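A.B. asks: Okay, here's the prediction I keep looking at, along with the sequence it came from:
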Amino acid sequence: MTLSTELAPEDRKIITLARSARARNGVAEGAAVRDETGRTYVAGTVELDSLKLSALRTAVAMAVASGAKSLEAAAVVTEAASASAEDRAAVRDLGGPGTPVLVAGPSGELRASVTAG
């Protein structure tokens, strides 16, 4: 795990977008992913009777549904200390094992930076 308070502007942007999705929708998690062209996809946790998806898996699904071929980075804003194995697997499926996954707390502070690996 690598922590740095100096994030690249595009990484700070996806954390901010994830934080906004969480707050706007009043859900447990917000997430954002950036594809190989720089487009971003933002999502919140999905909690329906018949469908439950984490915010990060939802954002990855949105990227795939929109034609993304790869991911440059992913971010999730959550109370959890780290991204779940399932979330990292979804990022890895599209972006590969080296794709960075940024985990931030509700106030946007970076808690962890791991790879999807």
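C.D. replies: Received it, and whenever you're ready, just let me know what you need.
A.B. asks: Please make it C-alpha for all contacts and neighbour counts, starting now.
C.D. replies: Fine.
A.B. asks: which regions of this protein lie under the pLDDT threshold?
C.D. replies: For the chain, the stretches with pLDDT under 70 are 1-5.
A.B. asks: repeat that for 80
C.D. replies: Where the chain drops to pLDDT under 80, the residues are 1-6.
A.B. asks: most centrally placed residue in it?
C.D. replies: Averaging the C-alpha coordinates of the chain gives a centre point, and the residue nearest to it by Cα atoms, centre = their mean is Ala75 (3.1 Å).
A.B. asks: Just to check, that residue is in contact with Gly105?
C.D. replies: No: under the contact definition of Cα atoms under 8 Å, Ala75 does not touch Gly105, with a separation of 10.7 Å.
A.B. asks: So what does Ala75 have for phi and psi?
C.D. replies: Note on Ala75: backbone dihedrals following degrees, to the nearest 10 are phi -140, psi 140.
A.B. asks: which residues does Asp11 contact?
C.D. replies: If a contact means Cα atoms under 8 Å, 6 or more residues apart in numbering, then Asp11 has 73, 75 as its contacts.
A.B. asks: going on from whatever helix or strand it lives in, what's the next piece of helix or strand?
C.D. replies: Asp11 belongs to helix 9-25 when elements are defined using DSSP states H and E. Reading on from helix 9-25 to the C-terminus, the next helix or strand found by DSSP H and E is strand 30-35.
A.B. asks: centre of the chain versus that following strand, how much separation?
C.D. replies: In terms of Cα atoms, centre = their mean, to the nearest Å, the centre of strand 30-35 is set 4 Å apart from its chain centre.
A.B. asks: Stretch 96-115 too?
C.D. replies: Between the centre of stretch 96-115 and the centre of its host chain there is 8 Å, according to Cα atoms, centre = their mean.
A.B. asks: What residues sit buried inside it?
C.D. replies: Within stretch 96-115, the residues that qualify as buried by neighbour count (16 or more other Cα atoms under 10 Å) are 96, 99-106, 108, 110-115.
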